[in-house]
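Structural data only, the sequence is not supplied:
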């Protein structure tokens, strides 16, 4: 091995070692910060939940009269009827630590329940919308999907199918509004949804 190659190998080993140590230090700091924040969150006392943005399901405005014989549709309606008596909050994008810091550790179970209700809501709305679309009831499906996006849903199919319908109707302003709603999402799905919409409807 020539002296130049040896020197290059030594430098390479040094750089690799340096990067590994730096990554370890970074992971260690991240872990320390996480646990410090978690300890602080666990000590926060219960706070009132009056300020939460509770979602009401406007079932009376939905097309419950259509496809009543369809098992998927009837199942969706039953699920939404159940949700009308439950508390629903969109907490997508917030970690358990975030919620404990904001509302107190004792409220975590309740908040998780409210958020789970929200997940069931937006998935059920899209499932129902898909069944309506399959039977060519686009306008009625849009009623469901538009409500979903108004609550901050991050279900990609909701945005894509709404945009598809708007494009078929020449409603470019509605597509721009949809992009705006997608851009305001507090979710890891935001960039994926925006990229898709920008690609399909530049």
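Arrived safely. Quick caveat: nothing in here was measured; it's all calculated off a predicted structure.

who are the neighbours in contact with residue 151?
55, 90, 118, 121-122 (CB atoms under 8 Å, 6 or more residues apart in numbering). (Glycine included, C-beta is placed from N, CA and C.)

which stretches of this protein form helices?
Taking DSSP state H as the test, the helices found in the chain are 3-42, 71-83, 96-103, 108-134, 138-150, 156-168, 172-183, 190-200.

From residue 147, how far out is residue 56?
As judged by CB to CB, to the nearest Å, residue 56 and residue 147 stand 10 Å apart.

And for residue 49?
23 Å.

One more: residue 47?
Distance from residue 47 to residue 147, by CB to CB: 29 Å.

Looking at residue 69 now. What's its pLDDT?
Confidence at residue 69, expressed as pLDDT, is 94.

can you offset everything so residue one is 48?
Okay, using 48 as the starting number, the last item reads as residue 116.

domains in the chain, as residue ranges please.
Split into domains by automatic domain parsing, the chain comes to 48-90, 96-247.

burial count for the nearest residue to residue 187 once chain neighbours are set aside?
Leaving aside its chain neighbours, residue 187 sits nearest to residue 110 (3.9 Å; criterion: CB to CB, 6 or more residues apart in numbering). Residue 110: 17 surrounding residues under other CB atoms under 10 Å.
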